[in-house]
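1. Kindly return the folded structure for what I paste below:
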Amino acid sequence: MFKRKLKELREQRGLSQMALAKKVCLSQSLIAAFEMGTRKPNSDALIALADVLDCTTDYLLGRTDK
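-> Below is the predicted model of the structure:
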């Protein structure tokens with residue numbers, strides 16, 4: 001669920017993996033790993049991603065539809 005929502009939101013906002021990575025101070029390879037489902041974000045990364053993508057952490061984790 002997380003990997004699909006992350007990619008969908010990133011693409012909806014017109015961000016490349018590199019652009020998103022820069023905004024959240026992570027590497028592009030880590031963003032790619034999140035989207036492939038091979039890595040999970042820690043709480044700080046999850047919060048940063050939600051802030052940049054203008055959503056809640058619960059939405060990213062699939063706990064809510066909003």
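2. thought L53 was touching E8?
-> No. Applying C-beta atoms under 8 Å, one finds L53 not in contact with E8, separated by 9.6 Å. From N, CA and C alone the C-beta is placed, and that goes for glycine too.
3. Between those two, which has more neighbouring residues?
-> L53 (21 against 12; other C-beta atoms under 10 Å).
4. so who does the more buried one touch?
-> Residues near L53 by C-beta atoms under 8 Å, 6 or more residues apart in numbering: L6, L9, R10, R13, L20, L60.
5. For burial, what's the neighbour tally of the fifth one?
-> Per other C-beta under 10 Å, the neighbour tally for L20 reads 22.
6. Quick one: residues contacting it.
-> Taking C-beta under 8 Å, 6+ apart as the test, what L20 contacts is R10, I31, L49, V52, L53.
7. Most neighbours among the residues you listed, which one?
-> I31 (26 neighbours).
8. Now that residue: phi and psi?
-> phi -60, psi -40 (degrees, to the nearest 10).
9. what's the distance between it and K66?
-> Distance of I31 to K66, given as C-beta to C-beta, to the nearest Å: 23 Å.
10. Likewise for D44?
-> For D44 relative to K66 (C-beta to C-beta), the value is 23 Å.
11. of those two, who's got more company?
-> Using other C-beta under 10 Å, the more surrounded residue of D44 and K66 is D44, with 11 against 6.
12. Which of the helices or strands spans that one?
-> helix 43-53 (DSSP states H and E).
13. pLDDT of that helix, averaged?
-> With pLDDT averaged residue by residue, helix 43-53 scores 98.
14. Please save the CA atoms from it in PDB.
-> Extracted in PDB, the C-alpha atoms of helix 43-53 (Å, rounded to 0.1, in the frame of the first residue of the first chain):
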ATOM      1  CA  SER A  43       9.200   7.700  11.300                       C
ATOM      2  CA  ASP A  44      11.100  10.900  10.500                       C
ATOM      3  CA  ALA A  45      11.200  10.000   6.700                       C
ATOM      4  CA  LEU A  46       7.500   9.100   6.800                       C
ATOM      5  CA  ILE A  47       6.600  12.500   8.300                       C
ATOM      6  CA  ALA A  48       8.800  14.400   5.900                       C
ATOM      7  CA  LEU A  49       7.200  12.600   2.900                       C
ATOM      8  CA  ALA A  50       3.700  13.300   4.200                       C
ATOM      9  CA  ASP A  51       4.600  17.000   4.700                       C
ATOM     10  CA  VAL A  52       6.000  17.400   1.200                       C
ATOM     11  CA  LEU A  53       3.300  15.400  -0.500                       C
END
